[in-house]
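Trainee: Provided below for reference: sequence and predicted model.
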Amino acid sequence: MKKLTVIGLGYVGLPLTLRLSQLNYRVVAIDIDAEKIKSLIKKKLPFAQNEPHFKNYLKRETKRKTITFSSSFEDIKNSQVIFVCVDTPIYDKKPNYKSLTAALGSTAKFLRRNSIVVIESTVSPRTCVNLVIPTLEKGSNLKINKDFFVAAVPERIRPNHIFEQLTTLPRVIGISDEKIKHEMKKFYQDITSGALDFVDLTTAETVKTVENTFRDVNIAFANQMALACEELGVNIWKVRELVNKSPFHDLHKPSPGVGGHCIPKDPWLLLSSVGTEHLSIVKDARKTNDSMPAHLLELIKITLREENINPKKAKVCVLGYSYVEDSDDVRNSPSQMLLDLLKLCKIKYTIHDPNVEGLNTNLLGKIKDADCIVLTVGHKEYKHLSLKKLSKLVKNKILVDGKNYFDKSLAQKHGFIYKGIGNL
């Protein structure tokens, strides 16, 4: 049985660990967070509580004893393949490789000959060539493509669909040498039923950052069109419906902002690797999407003032905190950006999210006596809310809908003043 190592047990590394265990590999799973390791040893999931199958897979695979959870890089010894799944955060619009560099340095000390280091993390183009390979060579005294090899296989997963996507989506596999193509093909054919495309390291890195930059730009376009529709007095959602009836069109949904771990970050990874004079659209898209929580705040304040309510004396109830529907993932949540702005403006608020621990109780109590309800995340649980019942709970009937979640005519029928992004 081959020995594999996964470094970094977050949203990428832990599912990969479980998948490799399912395929009967012996896996050393390393994370420097000792508390996370303790939790995993006890078969307790430290995140993604609502992810389908995650809890059951963790319990089943740890019971099989094919996984060794550890905080010690020494356990890397004799691993044939090492998967690096370490975060690259953005600070001041630049990638910070402190964690990745540390992980690579620790890995290098125990790197065996003929091993393959696979970078599953999303990194900026040329990171493998400029950082990964030099760091591993320096720390191990081994030579790339002679003594060890590197592959870049950026993950393609998102909350609520992790295992489905991990096992079915196509993968782009960058390799440092053709010698490892056969082995990488074998590994990833086991992991996923999706097509495998082999390229060089930098192309693989570029594909991933371009994928998410493309999404960010498209969402920004939808948000700009929503703002235009507000000015024109038309409904962006009707406009979107009719635009998308035309062949070859896919106008995205506008939103109160873009959150999560990838889309707000990956455009900056791409921008950090090239001259930016030709990429103004990318920077403008980031600016637009980051501005949407502030736009939502303006809708709240304007509507309150139209009803002669002083925003500083109002109570706002925000529905939704995670960055995506039906998930407990709060990374880069636009709702948090909105809460920060409400606090800055000294506007009192309550916050509810059915999936986030600490925020998932007393929904109706938080709505009671509110002057304004603000929907930021369209969780399925909120579909059970009766607008008729809500109209009797609130102090003032103002509904600001960031996701076109509630039926505008029905809300108005029950006396609500309805304002939506792109649909005033």
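Mentor: Cool, the structure landed. Numbers count the residues shown, from 1 in each chain.
Trainee: quick one, phi psi at Leu4?
Mentor: Dihedral pair for Leu4: phi -120, psi 160, per degrees, to the nearest 10.
Trainee: contacting residues for it?
Mentor: 20, 25-28, 79-83 (Cβ atoms under 8 Å, 6 or more residues apart in numbering). No exception for glycine: its C-beta is placed from N, CA and C like everyone else's.
Trainee: Next, the residue of the chain most remote from its centre: secondary structure please.
Mentor: Here the chain reaches farthest from its C-alpha mean at Asn308, the gap being 39.1 Å by Cα atoms, centre = their mean. When classified by DSSP: H, G, I helix; E, B strand; the rest coil, Asn308 comes out as coil.
Trainee: partners of Ser70 in the sheet?
Mentor: Counting by DSSP bridges, Ser70 forms beta bridges with Ile30.
Trainee: got the contact list for it?
Mentor: Contacts for Ser70 (Cβ under 8 Å, 6+ apart) come out as 28-30, 37.
Trainee: and the residues you listed as TSV, adding distance to Phe198?
Mentor: Listed next are those as TSV, based on distance: Cβ to Cβ, whole Å:
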residue	distance to Phe198
Val28	26
Ala29	27
Ile30	27
Ile37	34
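Trainee: so which of these would you say is closest to Ile7?
Mentor: Using Cβ to Cβ, the shortest approach to Ile7 within those belongs to Ile30, at 4.9 Å.
Trainee: Rounded mean pLDDT for stretch 355-370, please.
Mentor: Stretch 355-370 shows a mean pLDDT of 96.
Trainee: and if you look at stretch 167-187?
Mentor: 97.
Trainee: gap between the two ends of that stretch?
Mentor: Stretch 167-187 has an end-to-end distance of 12 Å (Cα to Cα, to the nearest Å).
Trainee: all strands of the stretch 51-200 of the chain, in order?
Mentor: Taking DSSP state E, counting those that start in this stretch, the strands of the stretch 51-200 of the chain run over residues 67-70, 81-84, 90-91, 94-95, 115-119, 148-152, 171-175, 196-199.
Trainee: Could you tell me which strands sit next to the fourth one in the sheet, and their orientation?
Mentor: Taking DSSP bridges as the criterion, strand 94-95 sits next to strand 90-91 (antiparallel) in its sheet.
Trainee: any idea how far the longest helix seen in the chain is from the chain center?
Mentor: Across the chain, the longest stretch assigned as helix under DSSP state H is helix 201-232. Here the centre of helix 201-232 is set off from its chain's centre by 15 Å, with Cα atoms, centre = their mean, to the nearest Å.
Trainee: Flag every buried residue along that helix.
Mentor: Across helix 201-232, burial judged by 16 or more other Cβ atoms under 10 Å covers 201-202, 204-209, 211-213, 215-217, 219-227, 229-230.
Trainee: now swap in stretch 361-371 and tell me
Mentor: Neighbour counts using 16+ other Cβ under 10 Å place 363, 366-368, 370-371 of stretch 361-371 among the buried residues.
Trainee: and that stretch, how far apart are its ends?
Mentor: Across stretch 361-371, the terminal residues are separated by 20 Å (Cα to Cα).
Trainee: what comes into contact with it?
Mentor: Against stretch 361-371 from outside (Cβ under 8 Å, 6+ apart): 304, 309, 314-317, 350-352, 354, 373, 390, 393-396, 398.
Trainee: Just those residues: which are in helices?
Mentor: Those of the contacts of stretch 361-371 lying in helices (DSSP H): 304, 390, 393.
Trainee: what sits against Ser72?
Mentor: Per Cβ under 8 Å, 6+ apart, neighbours of Ser72: Ile30.
Trainee: hang on, the earlier thing: Asn332: which of the buried residues of stretch 361-371 is nearest?
Mentor: Of all those, Asn332 sits closest to Lys366, with 23.4 Å by Cβ to Cβ.
Trainee: so which helix or strand takes in that closest one?
Mentor: Assessed by DSSP states H and E, Lys366 sits inside helix 363-367.
Trainee: nearest to His261, of the strands of the stretch 51-200 of the chain?
Mentor: strand 90-91 (10.4 Å).
Trainee: tell me the mean pLDDT for the closest one?
Mentor: Averaged across strand 90-91, pLDDT comes to 92.
Trainee: now do stretch 411-424
Mentor: Mean predicted confidence for stretch 411-424 is 97.
Trainee: just stretch 202-221 next, same as before
Mentor: The average pLDDT within stretch 202-221 is 97.
Trainee: Just the residues contacting that stretch, thanks.
Mentor: Against stretch 202-221 from outside (Cβ under 8 Å, 6+ apart): 122-129, 152-154, 156, 172-174, 199, 250-255, 258, 262-267, 269-270, 273, 281-282, 284-286, 288-289.
Trainee: rewinding a little: identify the farthest-apart pair in the contacts of Ser70.
Mentor: Taking Cβ to Cβ, no two of the contacts of Ser70 sit farther apart than Val28 and Ile37, at 11.6 Å.
Trainee: who has more neighbours, those two?
Mentor: The neighbour comparison of Val28 against Ile37 (other Cβ atoms under 10 Å) goes to Val28, with 23 against 19.
Trainee: For the more buried one, give me phi and psi.
Mentor: Dihedral pair for Val28: phi -100, psi 120, per degrees, to the nearest 10.
Trainee: just Asn24 next, same as before
Mentor: Main-chain torsions, Asn24, degrees, to the nearest 10: phi 70, psi 30.
Trainee: just Ile417 next, same as before
Mentor: Ile417 adopts backbone torsions of phi -90, psi 120, taken as degrees, to the nearest 10.
Trainee: Give me the distance between the nearest residue to it once chain neighbours are set aside and Leu296.
Mentor: Nearest non-adjacent residue to Ile417, counting by Cβ to Cβ, 6 or more residues apart in numbering: Ile398, 5.0 Å away. Distance, Ile398 to Leu296, by Cβ to Cβ, to the nearest Å: 13 Å.
Trainee: More neighbours: which of those two?
Mentor: Taking neighbours as other Cβ under 10 Å, Ile398 and Leu296 compare with Leu296 leading, 28 against 24.
Trainee: thought the more buried one was touching Ile421?
Mentor: Yes. Counting by Cβ atoms under 8 Å, Leu296 touches Ile421, with 6.9 Å between them.
Trainee: residues shared between the contacts of those two?
Mentor: The contact sets of Leu296 and Ile421 overlap at 256, 402 (Cβ under 8 Å, 6+ apart).
Trainee: how close does Ala108 sit to Asn24?
Mentor: 28 Å.
Trainee: Can you pick out the residue with more neighbours from these two?
Mentor: Between Ala108 and Asn24, counted using other Cβ under 10 Å, the more crowded position is Ala108 (20 against 11).
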